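In: Just the structure for this:
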Amino acid sequence: MFNTLYDYLSNIPGWHVLSFGLTAYVAYYLILVVKRPTFVCADGPLKNFLLQEIPTLNTKFWPTFWCLDSRAQTVFASVLRSKTIPDITYKREIFTLKDGGEVALDWMDDNCNSNAPCIIILPGLTGNSQDEYVKCLVFAANNVGIRVVVFNNRGLGGVEIKTPRLYNACNCEDLAEVVQHVRSVVPAHCKLGATGISMGGLVLGNYLARNSEEARAYLSAAKIISVPWNVHKAIDSIEQPILNNLLGRVLAQSMYHTLKSSGLHKHQELDMRSIKSCRSIRQFDTEFTIKHFGYPSVEDYYNDATLQDKLHHISVPLLCLSAADDPFQPLDAIPIQAASECSHVAIIVTARGGHIGFLEGCWPSAKDQYMSRVFVEYFSKALFDEHGEFQRIKDVLHRKYLEKHSVY
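Out: Got it, this is the predicted structure:
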């Protein structure tokens, strides 16, 4: 018997090896990869509403089988969307901030009637309104009749700065002004929402936590996607060799080019040679960000930006989408326990998805993607709110929030 087995293994046909490998991979995919997302939120009206009104929460996430690695999801999602989603012709508004700075607000309201709600979108670290992940959400909102305005940070979207100031991950003063302005422009009976992606999620999250009552007065609902909840751990994760570190280097160079194109060097003396030599986000923040915004150290800046421990301050219903394998955010930094005790914040965690990836299916569709599907399902119900159900939930949650924080 052993001789027979030895002869077989010595002369095993190639198609046997291939069949065994495919069978093993399919078993691995179906058992360990395809899973329902983890969903956490305190028991109560928001949790019940989301489970009832967002069908995607009750289905398994089927990551693209040939693109399971987190870095592959991150990169291929960007490439695929950039190749398949066309540029958008926005209506641009140059909005002047109180300090004289200017930002570009790009509006998309085609296919929308006068009663359409509006969503403010905050792109990621160096993103703007033509970035593929932003356009993915814009088209998704537009298809269901929701108007969108993309808030391009200072120095982005082709607009040079007018004052010696850029932006960072926790500076939400500009967003506060933009929210107030958009609320004044959109008809009063139309509801307003906001979503932030990656660093945009940090800015939005910090705005919701620090300006809690103001945010609740203007916003009906909010959503953040692939946010680095704990910035310290996020930076540590992206510096891990080899592939994560490569992504970090690319981002550091992107930050340098954003700084250079912003025109800040015309207003302020900068050591552009040292900044250009940065090979990580931490180095860039050390050489530029903390000096520009007056932080004593990069640790102080990351403490200020971290959102992980601020959920209890948020009073606007907030839905969050993260991936357990996000290279920018380790799973243990996602505030699962805090969300399970928070009435206003719900977190969806997929087993795979990378950073702003969430590719699914044999060949990912540019029109129907997991990220945009959850986005539309949530905001369609929360903002159109034809029977006032979500508003009643929001009022109930706010009364509980005030009781918990001893405002009464």
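
In: next one: stretch 53-71 to chain centre, how far?
Out: Put simply, stretch 53-71 sits 16 Å off its chain's centre (C-alpha atoms, centre = their mean, to the nearest Å).

In: Kindly check the end-to-end length of that stretch for me.
Out: By C-alpha to C-alpha, to the nearest Å, the extent of stretch 53-71 from end to end equals 31 Å.

In: which parts of it are buried?
Out: Under the neighbour-count criterion of 16 or more other C-beta atoms under 10 Å, stretch 53-71 has 54, 56-57, 61-64, 67-71 buried. Any C-beta I mention is one placed from the backbone N, CA and C, and that applies to glycine too.

In: Next, format those residues as JSON lines and append secondary structure.
Out: Output for the buried residues of stretch 53-71, formatted as JSON lines (DSSP: H, G, I helix; E, B strand; the rest coil):
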{"residue": "Ile54", "secondary structure": "coil"}
{"residue": "Thr56", "secondary structure": "helix"}
{"residue": "Leu57", "secondary structure": "helix"}
{"residue": "Phe61", "secondary structure": "strand"}
{"residue": "Trp62", "secondary structure": "coil"}
{"residue": "Pro63", "secondary structure": "strand"}
{"residue": "Thr64", "secondary structure": "coil"}
{"residue": "Cys67", "secondary structure": "coil"}
{"residue": "Leu68", "secondary structure": "coil"}
{"residue": "Asp69", "secondary structure": "coil"}
{"residue": "Ser70", "secondary structure": "helix"}
{"residue": "Arg71", "secondary structure": "helix"}
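
In: So which of those residues is the closest to Ser365?
Out: Nearest to Ser365 among the buried residues of stretch 53-71: Thr64, at 10.6 Å, using C-beta to C-beta.

In: Could you verify my assumption that the closest one touches Glu360?
Out: Yes. With contacts counted by C-beta atoms under 8 Å, Thr64 reaches Glu360, the gap being 6.1 Å.

In: Run through the protein and note the low-pLDDT ranges.
Out: 1-17, 366-367, 406-408 (pLDDT under 70).

In: Show me where it has its strands.
Out: Along the chain, counting by DSSP state E, strands occupy 38-40, 91-96, 102-108, 118-122, 147-152, 192-197, 221-225, 318-323, 345-350.

In: which one of the ones you listed lies closest to Tyr133?
Out: The nearest among the strands of the chain, by C-beta to C-beta, is strand 192-197 at 6.0 Å.

In: Packing partners of the closest one?
Out: In terms of contacts (3 or more C-beta pairs under 8 Å, 6 or more residues apart in numbering; DSSP states H and E), strand 192-197 is packed against strand 118-122, helix 132-143, helix 173-185, helix 199-210, strand 221-225, helix 370-379.

In: List the buried residues for the longest one?
Out: Spelled out, that is helix 173-185. By neighbour count on 16+ other C-beta under 10 Å, the buried set for helix 173-185 is 174-175, 177-179, 181-183.
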